[in-house]
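> Okay, sequence plus prediction incoming.
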Amino acid sequence: MVVEEYLRLFAGLFTLLSLVLSQVHSEYWLLFTAFIGINLLQSAFTKRCPMMNILKKLGVKEKGAC
């Protein structure tokens, strides 16, 4: 898997996890869901994403890299 695929995986996983936690633990977990959405929105315009930087530092390959 490449950075973009991991990014989608983590965004979906964290969104679903925060929705489940908001139902079983506290509704304040919905703030985390909103944070994820805002982060995805800003990355669409700025082409910058903190999670992508973390994944690259962990050695995940970029799209098109051998």
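Cool, the structure landed.

> Show me the shaky parts of this protein.
64-66 (pLDDT under 70).

> Number of residues surrounding the nearest residue to residue 32 once chain neighbours are set aside?
Excluding the flanking residues, the one nearest residue 32 by CB to CB, 6 or more residues apart in numbering is residue 18, at 4.2 Å. Placement of C-beta: from N, CA and C, glycine included. The tally of other residues near residue 18 (other CB atoms under 10 Å) stands at 19.

> wait, residue 18 sits on residue 37?
No. Taking CB atoms under 8 Å as the definition, residue 18 is not a contact partner of residue 37, at 10.3 Å.

> Roughly how far does residue 26 sit from residue 57?
Taking CB to CB, to the nearest Å as the measure, residue 26 and residue 57 are separated by 31 Å.

> ok so, going back, check contacts around the residue nearest to residue 32.
Contacts were defined as CB atoms under 8 Å, 6 or more residues apart in numbering; by that measure residue 18 touches 29, 30, 32, 33, 36.

> rerun at 10 Å
25, 28, 29, 30, 31, 32, 33, 34, 35, 36 (CB atoms under 10 Å, 6 or more residues apart in numbering).

> now residue 1
7, 8, 9, 55, 60, 61.

> ok, it to residue 60 distance?
7 Å.

> who touches both of those two?
The contact lists of residue 1 and residue 60 share residue 7, where a contact means CB under 10 Å, 6+ apart.

> neighbours around residue 3, how many?
20.

> contacting residues for residue 25?
residue 18.

> For residue 56, see how far away it is.
Applying CB to CB to residue 25 and residue 56 gives a distance of 32 Å.

> ditto for residue 32
Counting by CB to CB, the gap from residue 32 to residue 56 is 23 Å.
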